[in-house]
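Dropping the sequence and predicted coords here.
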Amino acid sequence: MKILWINNDLGGFANYVNIAENTTVEKFFSQQLPGRQADDYLIRVNRQPVPRDYVLQEGDRITATPTKVEGAV
Amino acid sequence: MDTLNKPMIKIAQAIREQLHSLQIHRFGEVQRLVYVVCTNLDQLQSSRRNLEKCTHRGWSGAVARLTSQLENKLRDLPYSIEQALQMMNHAKTQLPSPRQAVEDLRQLQDEFGRVECNLQERTVSVFTDPIELEGFFLGDFELRLEVDKLAQLRDSSAFRVIAQDPHPASTNDCVTHPHVSEEYLCAGDASVALVQALATGRICDAFLLVKSVLETYNPSSPYVSLDDWYGFPCYDCGYVIDEENSFYCEACDQSFCDECFSYCRSCDTSLCRGCLSECPGCEEPVCENCMSACNQCGESMCVSCLEDGLCSSCKEEMEADNEKESIESEQQVA
């Protein structure tokens, strides 16, 4: 099934991705951002905070925004 | 209509209008970049025809020159095509629907608790909690998006970061945060994602990214480093020092770094180098109180370099004169 994935880390582009049924937010995050800690991100599904075991549905909009980003001169 | 949401709806509409203007501007850029590609192709075609003629006529010098030109143009072509394609990609960005734009502002309210939409100034503001980085308290900030700047979107300058309880760097009160100067954020690693979020109308994501930058310290590239936050400049060289590593000059009532500070070699008083003078006799730093003028030539020297009120040169000269007088008077007597 298809969901909209918006990764605000670095590029910040939105893409439709196909995922398997019964994919949780936690699993999806680890697939899309391997090696990253979910606690370092603000994760929202359909603009709402969800628990890590939330099962993604067809058409869901999921965003991940890093909470630690380095500014610079 | 729900009157509480009316400003939000109007601002959402303004955001969409500005993003539409941005899209038109970007399509204009696409046309310009495609024109550049076409011009390059025309030039390639012309060079190719000339090369054909020169090859046919056996003009080897011209052939070499034209080959070099062709090579340069061929190398440039992929870059100009890539530029055009990138801009095309940006321009094709789908605008948020009116409903999506309002929902985004509602999410902003959920994330920050308080959103102010100023219809007159056409701004959207949220407020952070007080920010503390590595033990340095910086206070809370208003993050203000100037909607009218979205049409010319290039970087994070559509945002202003306004300190509500300023604790600026002591060396520059325009720097209220290591990555904020004159109320503008340097977004660093968040720059690309921030512009993309704004361009696609994901206003809440953009605000969240600004907040993330404010809550993260990058010691390798601040406007003022936290190590120097409460420092002050050496009065002489401007090097930033802290209280512990500063030296106070009683003569001029200013503070200095250790490089700009010394002591009088005559009386051991600690003073800045500006309040010490180099004695021309011994070339040591000496304070004003330990300098005196030679009675003969008037040159200032440290008291150690004066003998009977005379500098060594005048003393020698006087002794030579005395000796000469003595010899002459002995001769007269004889």
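Yep, it's here.

Model confidence for the closest residue in space to A:G71 that isn't next to it in sequence, exactly?
Leaving aside its sequence neighbours, A:G71 sits nearest to B:H179 (Cβ to Cβ, 6 or more residues apart in numbering or on different chains; 3.1 Å). C-betas here are computed from N, CA, C, even on glycine. Predicted confidence (pLDDT) for B:H179: 96.

Ok, B:T93 next?
For B:T93, pLDDT reads 86.

ok, now which ones touch it?
Applying Cβ atoms under 8 Å, 6 or more residues apart in numbering or on different chains to B:T93 gives the contacts B:Q23, B:A199, B:T200.

Out of those, which sit inside helices?
The helices, defined by DSSP state H, take in B:Q23, B:A199 from the contacts of B:T93.

Save the contacts of B:T93 as a markdown table, and put in distance to chain A, pLDDT and neighbour count too.
Shown next, in a markdown table, are the contacts of B:T93 (distance: Cβ to the nearest Cβ, whole Å; pLDDT from 0 to 100; neighbours: other Cβ atoms under 10 Å in any protein chain shown):
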| residue | distance to chain A | pLDDT | neighbour count |
| --- | --- | --- | --- |
| B:Q23 | 16 | 94 | 18 |
| B:A199 | 9 | 92 | 20 |
| B:T200 | 7 | 92 | 21 |
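
State the number of residues packed around the residue nearest to A:G71.
27 (other Cβ atoms under 10 Å in any protein chain shown).

Just list the residues touching it, thanks.
A:G71, A:A72, A:V73, B:L185, B:C186, B:A187, B:G188, B:V213, B:L214, B:N218, B:P222, B:Y223.

For PyMOL, write a command that selects the buried ones of those residues.
With 16 or more other Cβ atoms under 10 Å in any protein chain shown as the burial test, the buried ones among those are selected in PyMOL as follows:
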select buried, (chain A and resi 71+72) or (chain B and resi 185+186+187+188+213+214+218+222+223)
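
In contact with the residue of the stretch 1-150 of chain B found nearest chain A, which residues?
Per Cβ to the nearest Cβ, B:Q107 is where the stretch 1-150 of chain B lies closest to chain A, at 4.3 Å. Each residue near B:Q107 by Cβ under 8 Å, 6+ apart is listed here: A:R44, A:R47, B:C204.

try B:A62
Contacts of B:A62 by Cβ under 8 Å, 6+ apart are B:N50, B:C54.

in stretch B:22-42, what counts as buried?
B:L22, B:Q23, B:R26, B:E29, B:V30, B:L33, B:V34, B:V36, B:V37, B:N40.

Hmm, I typed the wrong one, I wanted stretch B:75-83.
B:S80, B:I81, B:Q83.

Quick check: chain neighbours aside, which residue is closest to the last one?
Read it as B:Q83. B:L33 is the one closest to B:Q83 (Cβ to Cβ, 6+ apart), at 5.2 Å.

C-terminal to the helix or strand of chain A with the lowest mean pLDDT, what's the next element?
Scoring the helices and strands of chain A by mean pLDDT, DSSP states H and E places strand A:14-18 at the bottom, with a mean of 92. Per DSSP states H and E, strand A:14-18 leads on to helix A:25-32 as the next helix or strand towards the C-terminus.

for that following helix, packing partners?
strand A:2-7, strand A:41-45, strand A:61-66 (3 or more Cβ pairs under 8 Å, 6 or more residues apart in numbering or on different chains; DSSP states H and E).

Now B:L150: closest residue in space that isn't a chain neighbour?
B:Q18 (3.8 Å).

for chain A, what are the nearby residues on the stretch 151-300 of chain B?
Applying Cβ under 8 Å from any Cβ of the partner chain, we find that the stretch 151-300 of chain B lies next to chain A at B:178-179, B:185-190, B:192-197, B:200, B:202, B:204-205, B:208-209, B:212-216, B:218, B:220-223.
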